[in-house]
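Trainee: Pasted the sequence and its predicted model underneath.
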Amino acid sequence: QVQLVESGGGLVQAGDSLRLSCAASGRTFSSTAMGWFRQAPGKEREFVAAIDWTGRRTNYVDAVKGRFTISRDNAKNTVYLQMNSLKPEDTAVYYCAASRNTNWATPRPFNYDYWGQGTQVTVSS
């Protein structure tokens, strides 16, 4: 059974940093894409960042470019999201996702087959 478990969320002030982690178990994702999405209250789930199977190519939504960094450790089957200069509008539940077959840093939710349960990030002003 495949599981993605996120950790690292919390309550911070604007300008602070957080590092989210997502540990996968049940299968290896070293040859496929992984990503992060988020969903704020009353809004649809949106793409945040993705990373290709090599870890060399990344993709970000414009709102987080220059502030967030996605990375992965294939030996640990884990993907990370370093979030700096957090803003109140970053408040959301953050979800990790992993693909079975897609190996490029896709922003499309339908390319991801496995999802974590989410971790809450709250940024106060």
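Mentor: Yep, that arrived.

Trainee: quick one: contacts for the spatially most central residue of the chain?
Mentor: Ranked by distance to the mean C-alpha position of the chain (CA atoms, centre = their mean), the top residue is residue 36 at 2.3 Å. With contacts defined as CB atoms under 8 Å, 6 or more residues apart in numbering, residue 36 is in contact with 20, 22, 48-50, 70, 79, 81, 94-97. Using the backbone N, CA and C atoms, a C-beta is placed for each residue, glycine as well.

Trainee: at 7 Å instead, please
Mentor: Contacts for residue 36 were tallied using CB atoms under 7 Å, 6 or more residues apart in numbering; they are 48-49, 70, 81, 94-96.

Trainee: Among the residues you listed, which one sits closest to residue 109?
Mentor: Lowest distance from residue 109 to these (CB to CB) belongs to residue 95, with 9.6 Å.

Trainee: sorry, back to before: and the residue nearest to the centre of the chain, what element?
Mentor: Under the assignment given by DSSP states H and E, the secondary-structure element containing residue 36 is strand 34-39.
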